[in-house]
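K.L.:
coordinates only, sequence not included:
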């Protein structure tokens, strides 16, 4: 497949959180930037927009990003939405995905759509209890992708992400290694030839039990605590942020 205008929608997953790059808007790069640069190798005139903002739930993503995306006349759209909702105490997964379905239907009338399942949290101590809910959400997302002829990247089945090196220090977002691997997964799912290679893994230094406990305490203080606090206050890490690339630009 060849594309001319690629627009990425979603939350922190697509914004690029965890793939730090202070030279870029919002200080991150991410799989979508990496994917857009690879697509541009096939067509130097390809342009790219990224409307994703960290912390966004599904309904705000649909309300704030779908219409602006369509106004850019894309022929390729990626969308990842719903994972932040699934983490909430109470949700109606069927109603949520029904709205997702309607939005994907609109997008697919104008562009080829790439969708994603959510990651399997079964081995994550904090989120493992939500594994069943994520499994239901993912199966409904698979149905939506099939119904609209979307390309599906099945994150749930990418077992290499069980390696901690593919995750950032916050244990919630992909690392640069993880974002590179996701860009490869997207391009492969689209059937696009590319020269991206997985970034090298470095075996972690062994830790004693005391060091592991200290690392867990530091993670709870620096990442888990603030995350819980924002949810209790009804705020988001993306409240003060604007889309990284709200208009079509040349990817780098």
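P.N.:
That came through, no problem. Because the structure is predicted, anything quoted here is derived from the model rather than measured. Numbers count the residues shown, from 1 in each chain.
K.L.:
all helices for this structure, in order.
P.N.:
In the chain, the helices defined using DSSP state H lie at 12-15, 31-40, 58-71, 83-86, 93-108, 131-148, 176-190, 209-219, 225-233.
K.L.:
who touches the second one?
P.N.:
What it means is helix 31-40. For helix 31-40, contacts defined as C-beta atoms under 8 Å, 6 or more residues apart in numbering pick out 3, 6, 8, 14, 16, 19, 24, 46, 48, 50, 52, 76, 78, 174, 179-180, 182-183, 186-187, 192, 194-196, 250-252. C-betas here are computed from N, CA, C, even on glycine.
K.L.:
buried ones among those residues?
P.N.:
3, 6, 8, 14, 16, 19, 24, 46, 48, 50, 52, 76, 78, 174, 179-180, 182-183, 186-187, 192, 194, 196, 251 (16 or more other C-beta atoms under 10 Å).
K.L.:
show me where this protein dips below the pLDDT cut-off.
P.N.:
Residue ranges of the chain with pLDDT under 70: 125, 216-217, 219-220, 223-228, 231-232.
K.L.:
80 instead, please
P.N.:
1, 123-127, 171, 205, 207, 209-236 (pLDDT under 80).
K.L.:
hmm, residue 86 is touching residue 93, no?
P.N.:
Yes. With contact defined as C-beta atoms under 8 Å, residue 86 counts as touching residue 93 (7.3 Å).
K.L.:
joint contacts of those two?
P.N.:
Both residue 86 and residue 93 are in contact with 133, 137, where contact means C-beta under 8 Å, 6+ apart.
K.L.:
distance from the chain centre to stretch 76-89, please.
P.N.:
Taking the mean of its C-alpha atoms, stretch 76-89 sits 8 Å from the chain's own mean (C-alpha atoms, centre = their mean, to the nearest Å).
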